[in-house]
Structure formats: structure tokens, C-alpha cells
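J.: Give me coordinates for this.
(one chain, ligands or ions: 1)
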Amino acid sequence: MSSLFQFLRSTVFTKIVMAVTGLMIVGFLVGHLLGNLLMFSGPEKINAYALGLKNLGPLLWLVRLAMISALGLHVWSSIELANRNREARPISYQEKKSLKSTFASRTMMYSGLAILFFVIYHLLHYTFGIIQPQTYFDNSYTLLSGEVVHNVYNMVIAGFQNPFIALSYMFAIIFVSAHVSHSVSSAFRTLGIHNPKYLALTAKIGPALAAIFLIGYLSIPIAVLSGIIKPVCDNTEACATMKDCCK
Ligand code: HEM
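T.: Predicted coordinates:
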């Protein structure tokens, strides 16, 4: 019993918590990207997808609960490990830069903090409609099935037509990619993949996912800003800005 308690308090356990929760968040980011890319298929597809998610009901809440717990535990483990590091090494090394360390690996704490602030801002924006209430609440779409739903398509476009909002998302996406680039491979190492045969493969997964996130997520604000994706109001013709057609 006491050895289980010791293990739960150990640095190894904290690192495992960080790795598992980090991989769960990366899994969410893959799914979220696939859903968001429906922006390129027009309002019918993404609005029907958003409705489909909403109709999952308790299952959606289960996933949300798992993700909130994962995020909370991920933040806790990062603070815990940073504190233990500091305690183990009270006098910080002057400009110690390991030959193998990269910019992404040296700035994990900062990129993590920036992502945490972004997630809060992002939830206030698109989930709670507090940042741009006019495009959140007064914005509906009639699906081909006749069902009237929340127009997620136009809401995202209204967000990114504001260059400051688009830019803030683009910075956040760069931070997310930098964080993922370093962390995924080290998560696999923490979880015990030391076999050189697999190490070479897992070392590439982080940078590959980071590149996919960078290109995939950035493509949406860029497509809105450049007019490739245009707002569509309740099955009418596409129009240049929301004010032109969404009255
Ligand atoms: C181009 C980039 C992105 C777009 C267009 C986008 C779009 C959205 C939208 C529309 C929602 C609200 C869904 C709804 O309530 O119907 C949402 C929720 C969310 N997004 Fe994003 N997102 C982007 C990037 C990100 C990134 C990089 C992260 C994480 C670092 C993220 C994390 C979340 C989370 C945690 C939620 C809440 C999910 C839920 O309510 O179940 N998003 N996003």
C-alpha cells in the first residue's frame, strides 16, 4: 500500500500523467481539425456536423469531462515537475543549453501557458459567444432537412474577418504546433518506448503532427482573410461580407 502511495507521489508517475493527458489532448486536436476542415465544404456540412456533435448528448459531455480533466491534470503535472526541477536544482544553470535542446523544447512552459490562455479566450469566443455576441446569438442556418441550427460556419467566418482575431488565432496555432512538435515524441519516451527501432519513428511523429496542425489550422483563418471562404446566409448566394447578406 505504501509503495503504491510512493509511486503516486513519484516524478515518474507525474511524467506519465503529463504524457497520457498530453496524448489525449493531441487526439482531441486531430478530431477538432478534421471537423474544422469542413469549413471548406460549406455551411451545410459543418453546421450538420456541429448539430451531430450536439445530438451526442451525454456522450459529448463525457468526452468534454475527459478533456477538461486531461487539461487540468496536464497543467498540474507541468507545474509539479517544474517545482521539483527547481527544488532539485536551486541555483539555475547560467545559460545552460543542451546540445540536443531545440527552441520548442526550451520554451515548453511558455508555449503551454500561451495555449492555456488561448483555450480560455477561444471558449469565450466560439463556445460561449462572449467575444463577438452579435455573430453568435443572431446567427441561424436552415439545413436541407429543414432543421434550423446555430450557424457555426458564419460564426467562424465573422471571427476571422476581424484581422486582430485572425492574427491572435494564427499566433496560438504556431504555439500549439511548437508545443506538439517537441512533446509527442518525448511522451512516447516517457511511456517506455526505448527500442531504437521505434524511437526513430516516434521521434518523427511529433514534428509531423505539428506540421499537419500548422498547415491545417492556419488554412482556415487564411482562407477567410483571403476570401476563399465566404459567408452564406440561410442557403442564399455567397457574399463578400456578413453585412452584405446577413440582415
Ligand atoms: C482555425 C482554428 C480553429 C477553429 C476554426 C476552431 C473552431 C471552434 C469552434 C467553432 C468551436 C465551438 C464548437 C461549438 O460549440 O459548436 C470550438 C471549440 C473548441 N475548440 Fe476550437 N477551433 C480552432 C482551433 C483550436 C485549437 C488550436 C484548440 C486547442 C488548442 C481548440 C480547442 C477547442 C476546444 C477545447 C473547444 C471546446 C469543445 C467543446 O465545446 O466541446 N480549437 N472550436
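
J.: give me the element the residue nearest the centre of the chain is part of.
T.: In the chain, the centroid-proximal residue (C-alpha atoms, centre = their mean) is Leu29; its distance is 4.9 Å. In the assignment (DSSP states H and E), Leu29 maps to helix 11-36.

J.: the bottom helix or strand of this protein by mean pLDDT?
T.: Least confident helix or strand, the chain: helix 242-245 with a mean of 56, by mean pLDDT, DSSP states H and E.

J.: quick one: the host helix or strand of Val224 to chain centroid distance?
T.: Using DSSP H and E, Val224 sits in helix 196-225. Relative to its parent chain, helix 196-225 has a centroid offset of 12 Å by C-alpha atoms, centre = their mean, to the nearest Å.

J.: Compute the inter-axis angle for it and helix 11-36.
T.: 40 degrees (axes from the mean of the first three to the mean of the last three C-alpha atoms, to 10 degrees).

J.: how about low-confidence regions in the chain?
T.: For the chain, the stretches with pLDDT under 70 are 1, 89-105, 233-247.

J.: How about the residues of this structure by the ligand?
T.: Neighbours of the ligand within the chain, by C-beta under 6 Å from any ligand atom: 29, 32, 36, 50, 64, 115, 119, 122-123, 126-127, 152, 156, 169, 173, 176, 217, 220-221. For glycine as for every other residue, the C-beta is placed from the backbone atoms N, C-alpha and C.

J.: If you count neighbours, what's buried in stretch 128-141?
T.: For stretch 128-141, burial by neighbour count (16 or more other C-beta atoms under 10 Å) applies to 129, 131-132, 135-136, 139, 141.

J.: Which two among the residues you listed are spaced furthest apart?
T.: Farthest pair in the buried residues of stretch 128-141 (C-beta to C-beta) is Ile131 and Tyr141. Separation: 20.2 Å.
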